[in-house]
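Trainee: Just to be clear, the model below is a prediction. Sequence and coordinates:
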Amino acid sequence: MKNAVIYGEFLEESTTGIAYINSLLERVLYDLGYEVSRFSEPRVKDYKNIKEIVNKKFYFKDFIKIIFGLLRSKKKEISFITISQSNLGLIKTLIISIILKYKTKRLIIYVHRGDLKSNINKFYFRKFMINLLFSISCKVIFLSKILSKDFKNNHHHNKFLIIPNSLNKKDTNKSKILYEKNFLKRNLFKENTYRAIYCGNIHSQKGIDKIVLAIEQINKNHKDKNVILDVYGIPFEKINEINNQIKYKGILNYRNRLEIMSKYDFLITASKSEGMPLILIECLSIGLPFITTDVGAIKDILIRDYPYICTCTKKSILNTINNLINDFENQNEKVKKIISHGNKLYRDNFQYKNYYANIKKNIFLD
C-alpha cells in the first residue's frame, strides 16, 4: 500500500479550519488508497480544556519527540505540511519540512493564510524562510488564484496549485438536509429578535471587538429590535459580554457545528485578513446569511454583487447589520434569492467531491 504523512492539526484535537482541512485531506488520501501517518503539531495542546485566555506555548519536548518519530519512520511516498508565519513557527516548519523532504519522495507545502505576502514583505527573515520552503517543496497549494497571484513573480510559481477549501463527506451530506430546513424558515422573526453567531478566534484581528461595539450600539439605537450575539471560538483575548445581548459560548464542536449554526438568523465576521474561511463555506451549504469583510480569498465564496460586505470598523458593521435586518423585514424574497444563489455556488465548488477531484487531478495525475 502507498503511504503518506500529514503534519499539523487535526479535528479530534483542534477546531481550527486548518485542522478540518488536514482531516479532510487524510480522508481523501485514504479514499485514494493511501495509508496515512499523522504527526500532530504540539500547539494543539493550547486548545484543550480552554477556560481562560490562551497563551501560545512552544512545547519543546513534544516537538523533539515528533522529530525523532519522523526520523524513525519508514520512507513514504508523499507528505504535507502547512506554512506557519511567525518567526518561530517558520523555523519549526522548516525543520519538519527538511525531515519530510528526506523521508518522503514528494513534499507538498500548504498555504492556508491569506496574508502571507503582506507578512513576508515586512520581514526579510520571513521572506527568506518562505522562499526556502518553496524551494525544497515539490508543490505549493494555495486556496485561490487571488492568493497565488501575489507570488506570480516568484521563481517557484511553476510549483503552485489551486485547491479551494471544501466540506468533508459527512458535512456535505448533512448540509443538504439542513439547507432545506434553513431555507424554508426564512420568513418573519418573532418579537423582532435576531440571533447572530460569531465563530472564529477571539482576537481583534478578526474584528470581534468592533462587532461587539456595533451590536451594543444597534440595541441602544433600536428599542423595538433586539440583536443577540453568541460568540464561539478560541479565546486569545477577552470580550465585553453584555447581559441578554452578547455572550461567549465556548468552542463550537465540529461534530454538531452545522446543526448549531443553522439555529441562528445570520453569521457575522469582520476579519482584517483571511485565507478562504471554512465558516463561510459552511454558511453557504446550510443557507445561513452572513456579514463579512472582503479580504483574502473571500471573494471566491461570494456570489456576484453580494450585498452584506463590511469593513473592520464599528460604523461599517453597524450599517451592514441594519441593511440585513431591513432586508429580512421588507425584502424576504431578496434574502432567499441570495441564499439560493450562494448554495448553488457551494454545490458547484465546495463539496467533498470537488476537493477529492482537485487532489486527485493536481497531485496524483499531474
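Mentor: Thanks, I have the structure now.

Trainee: okay but K75 is in contact with K103, surely?
Mentor: Yes - counting by CB atoms under 8 Å, K75 does reach K103; the two are 5.7 Å apart. In short, each C-beta sits where N, CA and C put it, glycine included.

Trainee: between the two, which one's more packed in?
Mentor: Set side by side, K75 and K103 give different neighbour counts by other CB atoms under 10 Å, the larger being at K103 (17 against 9).

Trainee: Which residues are in contact with that one?
Mentor: 5, 70-71, 73, 75-76, 79 (CB atoms under 8 Å, 6 or more residues apart in numbering).

Trainee: Nearest to K361, out of these: which one, please.
Mentor: The shortest separation between K361 and any of those is 19.3 Å, and it belongs to S79 (by CB to CB).

Trainee: and the contacts of K103, which are buried?
Mentor: 5, 70, 73, 76, 79 (16 or more other CB atoms under 10 Å).

Trainee: Show me which residues of the worst-scoring helix or strand of the chain on mean pLDDT are buried.
Mentor: Of the helices and strands making up the chain, the lowest-confidence element is helix 116-122, at a mean of 77, by mean pLDDT, DSSP states H and E. Of all the residues in helix 116-122, those buried under the rule 16+ other CB under 10 Å are 116-117, 119-120.

Trainee: what sits against the closest residue to F63 other than its chain neighbours?
Mentor: In space, not counting the residues next to it along the chain, F63 is nearest to P42; the distance is 5.4 Å by CB to CB, 6 or more residues apart in numbering. Shown in contact with P42 (CB under 8 Å, 6+ apart): 58-59, 62-63, 66.

Trainee: can I assume D348 sits in a helix?
Mentor: Yes - assignment of D348 by DSSP: H, G, I helix; E, B strand; the rest coil places it within a helix.

Trainee: on that earlier part again, which one of the buried residues of helix 116-122 sits closest to Q351?
Mentor: Among those, L116 lies closest to Q351 (CB to CB), at 26.3 Å.

Trainee: And stretch 288-307, end to end?
Mentor: End-to-end distance for stretch 288-307: 14 Å, by CA to CA, to the nearest Å.

Trainee: Likewise for stretch 347-356?
Mentor: 14 Å.

Trainee: mind listing what's buried in that stretch?
Mentor: Of the residues in stretch 347-356, those with enough neighbours to count as buried (16+ other CB under 10 Å) are 347, 349-352, 354-356.
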